[in-house]
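Colleague: here is a sequence together with a model predicted from it:
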Amino acid sequence: MPPELIPAIDLRNGHVVRLKRGDYNQQTTYEVDPVDTAKKFQDAGCKWLHVVDLDGAKEGRPANLGIIEKICRATKLNVEVGGGLRTEESMEYVLAIGAQRLILGTRALADMEWFKAMAHDGRFRNRLVLGLDARDGLVSTHGWTQTDADRPKAVDIARNVDSWPLAAIIYTDIARDGMLKGPNLRATTKLTKVCKIVPVIHSGGVKSLADITALKHLDIAGIIVGKALYEGTLNAADAVKELQLSTT
């Protein structure tokens, strides 16, 4: 199966925004309606949508749930949601309003025993995505504002959780995120080498159709794209078509 194009909608104060390298002080705000934007991605042939609650990621609790629920109700997209999901109650609520998958990063990495229990819990089994956001291969947390003191390697964490019933691992190269400088193919490839069971989703740096072509040859399940779609350097429908073309 070819990877899925997964367009991203990052929400801050109810607006669609993009950050550079995860820096909240380097924000671009797009004058678009998040629900209408999701509908356009669906019309382009996308099946999945990646929604990040940036306020939630920073504050430690979801903050844009109303918009997320509207997106889930207004489209047939499979929506994966991240940002501030650090309690069982918030996780259950986001699933209840229509999300298909939950992305956990900060809480998961801070308490891997808890995350393991949640991954095996019947409520969340095969619904959780581990977000591995890394600088130079070392994970960062708390909305990318902190790097773990022991600086674990993303590949080591991925290897340790590969036998768990997770929906996916999203690997984001923070240095490239929002920069339109192309994907880090080498780092993503390293992750796919240690993940034999859990699917890997690439995120960060995609600018053009050529980047999509390069990524589709990797053993990944999806490609998250944000800024390129809003800046017009990549067309969603074109990217979907490219991914459907045979790689042989």
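Modeller: Received the coordinates, thanks. No experiment lies behind these values; they were computed from the predicted model shown.

Colleague: next, give phi and psi for the spatially closest residue to residue 74 that is not a sequence neighbour.
Modeller: Once flanking residues are discounted, residue 74 sits nearest to residue 35: 5.1 Å by Cβ to Cβ, 6 or more residues apart in numbering. Where you see a C-beta, it was placed from the backbone N, CA and C, and this is true even at glycine. Main-chain dihedrals, residue 35, degrees, to the nearest 10: phi -70, psi -50.

Colleague: tell me, how many residues neighbour residue 35?
Modeller: 17 (other Cβ atoms under 10 Å).

Colleague: list the contacts of stretch 228-244.
Modeller: For stretch 228-244, the external contacting residues (Cβ atoms under 8 Å, 6 or more residues apart in numbering) are 2-5, 7-8, 16, 18, 28, 30, 32, 40-41, 44-46, 180, 206-209, 211-213, 216, 223, 225.

Colleague: any idea of the mean pLDDT for that stretch?
Modeller: When pLDDT is averaged along stretch 228-244, the result is 97.

Colleague: now stretch 25-36
Modeller: Mean predicted confidence for stretch 25-36 is 93.

Colleague: endpoints of it, how far apart?
Modeller: One end of stretch 25-36 sits 26 Å from the other (Cα to Cα, to the nearest Å).

Colleague: can you pull out the strands in this structure?
Modeller: For the chain, strands defined by DSSP state E occupy the ranges 4-12, 15-20, 23-30, 48-53, 78-82, 101-104, 128-135, 138-141, 146-147, 168-173, 200-203, 222-225.

Colleague: now render those as a markdown table, adding distance to residue 186 and mean neighbour count.
Modeller: Below are the strands of the chain laid out as a markdown table (distance: least, Cβ to Cβ, whole Å; neighbours: other Cβ atoms under 10 Å):
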| stretch | distance to residue 186 | mean neighbour count |
| --- | --- | --- |
| strand 4-12 | 21 | 24 |
| strand 15-20 | 22 | 20 |
| strand 23-30 | 24 | 13 |
| strand 48-53 | 23 | 24 |
| strand 78-82 | 24 | 24 |
| strand 101-104 | 23 | 23 |
| strand 128-135 | 12 | 24 |
| strand 138-141 | 15 | 20 |
| strand 146-147 | 21 | 14 |
| strand 168-173 | 10 | 26 |
| strand 200-203 | 12 | 26 |
| strand 222-225 | 16 | 25 |
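
Colleague: ok, residue 199 - contacts?
Modeller: 167, 168, 169, 220, 221, 222.

Colleague: spatially, which two of those are the most separated?
Modeller: Farthest pair in the contacts of residue 199 (Cβ to Cβ) is 167 and 220. Separation: 13.8 Å.

Colleague: circling back: mean pLDDT for the strands of the chain: which is lowest?
Modeller: Lowest mean pLDDT within those: strand 146-147, at a mean of 52.

Colleague: circling back to that earlier point, measure the residue nearest to residue 74 to residue 72 for me?
Modeller: Shown here: residue 35 relative to residue 72, a distance of 10 Å by Cβ to Cβ, to the nearest Å.

Colleague: likewise residue 49?
Modeller: To residue 72, residue 49 is 9 Å away according to Cβ to Cβ.

Colleague: so residue 29 sits right up against residue 19, yeah?
Modeller: No. Counting by Cβ atoms under 8 Å, residue 19 is not a contact partner of residue 29; they are 10.5 Å apart.

Colleague: hey, what's residue 222 bridged with?
Modeller: Beta-bridge partners for residue 222, by DSSP bridges, are residue 4, residue 201.

Colleague: so what's it up against?
Modeller: 3, 4, 5, 6, 48, 168, 199, 201, 202.
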